[in-house]
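>>> Got a predicted structure here, sequence first:
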Amino acid sequence: MTVVGIDDTDSRERGMCTTYVAAQVAERLRRQGAGETDGGVSRLLLVRLNPAVEYKTRGNAALAIHTDCDPDRAFELARDRLASLAETADERTNPGLVVADGGPEAVPDDVREFTWRAIREQLTVADATDLIDRHNYRSWGAGNGRGRVGALAAVGSWAALDEWTDEYISYREPDRWGTAREVDHESVFDAAEWGYPTVWDTVDRGEDETVCVPHTPGPILHGIRGDDPDTVRAVADRIESEPVSGSQLFVTNQGTDVHLQEGSIETVADGRAYRVDGRVATAPETRRGGHVFVTLESDRNGRSDDDADDASPPAGADGTDSRSRLECAAFEPTKRFRDRVRALRIGDRLTVCGEVSRGTLKLEKFAVRDLVTTERVTPTCPDCDRTMESAGRNQGYRCRDCGTSAAEKVEIDLDRSLERGWYEVPPCARRHVAKPLVRGGFDAPTHPER
């Protein structure tokens, strides 16, 4: 068995797609990989790596091909296709190829660990080449060779990861690349309804958007994601469109949340994605551009006073501890999700998920753990029905008209639009690797977006 890892062949401006390159390599292996072995291909993997990497194109995907082809022959065929298809005219495209002997389950432990790190951290070319040399893997790279990072991560992914989903990608005829896609809008929505919830993120009903159809100039016509290979194929077949030049099923870590690691407000770092608990410390604020921001603070409700004192870092000059606060943002592209964030109130307890960049967590989803359901307000006079006024420091409140007094503020019930449980960005704003709520397995009730 041989594992072929591929990465970084596409361009933001010029198009191409690494899934297409992998599909072309796989087809070449099937047709020309015969020798001492039959050149068969058992599966193709689409592996989403750390979404916080700045130099990614869009989804930061690396590809792996599991084949029976001889490693030397596989390397030769794959290198030829990468060299001819990669958009190296874009200086930011740096394709990489890694070919490993042996079965995908048998990769060394340090290669498995490398895959995990590539999904959750930011690695260097040297990190990859050290391992490639240590295990005598065949490799090739163009430009600065950065593609070998993702290629090696793809090689180790089958052994490293436990949870997989499927994507069935249909490709355009090459002479149509760069032109407007001809896909029947209504048929996509009908197919999405037929396949839901096994197939997800095909459309966004709230925005009336066909999420599965990209807008880039590359070769993809549409990509259907879900939890069953037969169902994603069936949904694709129900879509009416321009001619399909070819299709490929990929096994993928999309929709799994594998990029998230447990963190705390005090310890999160830029360039990684986290799951963090906290308490809403500021009222949500809508800023220029329609972006909504809210700040969380460390929630010490579950600790004893002694523990809280021991864990508290020194306060700043204003009496606050900046290290125990985290700004979270729902940016304009998350659309109606921003209304969920605007509905938060100071004191709500949350679990938030997302990538941290420049000290701000970009919200992908959040869980309401506890809602503030009451509010203390200035009392109303029972006789005059007027809001009372302060009677002075520590003297309670008094009605200006009749003199009726009250000792303190009163507590009233709040009408909250949020409920306990998980809320998520809509499909049009979802990261490829982020887990849709409809897939289940969450630790609280869910409120899925469709």
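That came through fine. Numbering: from 1, shown residues only.

>>> which residues does the closest residue to Arg79 other than its chain neighbours bridge with?
In space, and not counting its chain neighbours, Arg79 is closest to Trp140: 5.0 Å by CB to CB, 6 or more residues apart in numbering. Heads up, the C-betas are built off the backbone N, CA and C, glycines and all. Beta-bridge partners for Trp140, by DSSP bridges, are Leu97.

>>> pLDDT weak spots in this structure?
By pLDDT under 70, the low-scoring segments of the chain are 10-16, 33-39, 55-59, 86-93, 300-323.

>>> how far away is the residue nearest to Cys384 when sequence neighbours are not counted from Tyr168?
Excluding the flanking residues, the one nearest Cys384 by CB to CB, 6+ apart is Asp401, at 4.9 Å. According to CB to CB, to the nearest Å, Asp401 and Tyr168 sit 72 Å apart.

>>> the more surrounded of these two?
Set Asp401 next to Tyr168 and count neighbours by other CB atoms under 10 Å: Tyr168 wins out with 24 against 11.

>>> surely that one meets Asp230?
No. If you go by CB atoms under 8 Å, Tyr168 and Asp230 don't touch, sitting 9.6 Å apart.

>>> re earlier: so who does the residue nearest to Arg79 touch?
Contacts for Trp140 (CB atoms under 8 Å, 6 or more residues apart in numbering) come out as 75, 79, 82, 96-97.

>>> Please repeat the previous calculation with a cut-off of 10 Å.
75, 78-79, 82-83, 95-99, 147-148, 151 (CB atoms under 10 Å, 6 or more residues apart in numbering).

>>> and Trp177, how many neighbours does it have?
By the criterion of other CB under 10 Å, Trp177 has 17 neighbours.

>>> hmm, back to that, hey, what's in contact with both of Tyr168 and Asp230?
Counting by CB under 10 Å, 6+ apart, the shared contacts of Tyr168 and Asp230 are Leu249.

>>> Run a quick neighbour tally on the residue nearest to Thr256 when sequence neighbours are not counted.
Distance criterion CB to CB, 6+ apart; nearest residue to Thr256, sequence neighbours excluded, is Glu163 at 4.7 Å. By other CB under 10 Å, the residues close to Glu163 number 12.

>>> for Pro174, same thing?
Residues near Pro174, counting by other CB under 10 Å, number 10.

>>> burial of Thr198, as a residue count?
By other CB under 10 Å, neighbour count at Thr198 equals 17.

>>> That one against Arg233, yeah?
No. Assessed by CB atoms under 10 Å, Thr198 is found out of contact with Arg233, at 11.7 Å.

>>> Common neighbours of these two, please.
166, 226.

>>> And the helices in this structure?
Assigned by DSSP state H, the helices in the chain fall at 18-32, 71-85, 109-120, 125-134, 147-160, 185-195, 229-237, 305-311, 337-342.

>>> Mean neighbour count, the ones you listed: which tops it?
For the helices of the chain, the largest average neighbour count (mean count of other CB atoms under 10 Å) is found in helix 147-160, namely a mean of 28.

>>> That one vs helix 18-32, what angle?
With axes from the mean of the first three to the mean of the last three CA atoms, to 10 degrees defining the directions, helix 147-160 sits at 70 degrees from helix 18-32.

>>> Can you give me the domain boundaries for the chain?
2-160, 165-252, 260-373+415-447, 374-413 (automatic domain parsing).

>>> Extract the C-alpha set from stretch 211-228 and format it as CSV.
Taking Å, rounded to 0.1, in the frame of the first residue of the first chain, the C-alpha atoms of stretch 211-228 are listed here in CSV:
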residue,chain,number,x,y,z
VAL,A,211,-23.9,27.1,-0.4
CYS,A,212,-22.7,24.0,-2.3
VAL,A,213,-22.0,26.0,-5.5
PRO,A,214,-18.7,28.0,-5.2
HIS,A,215,-18.1,31.4,-6.7
THR,A,216,-14.4,31.0,-7.4
PRO,A,217,-13.0,30.5,-10.9
GLY,A,218,-11.9,27.0,-10.2
PRO,A,219,-13.1,23.6,-11.6
ILE,A,220,-15.7,22.7,-9.0
LEU,A,221,-19.4,22.8,-10.1
HIS,A,222,-20.8,21.8,-6.7
GLY,A,223,-19.8,19.9,-3.6
ILE,A,224,-22.3,17.9,-1.5
ARG,A,225,-21.4,17.2,2.2
GLY,A,226,-23.0,14.7,4.5
ASP,A,227,-22.8,11.6,6.7
ASP,A,228,-23.4,8.9,4.1
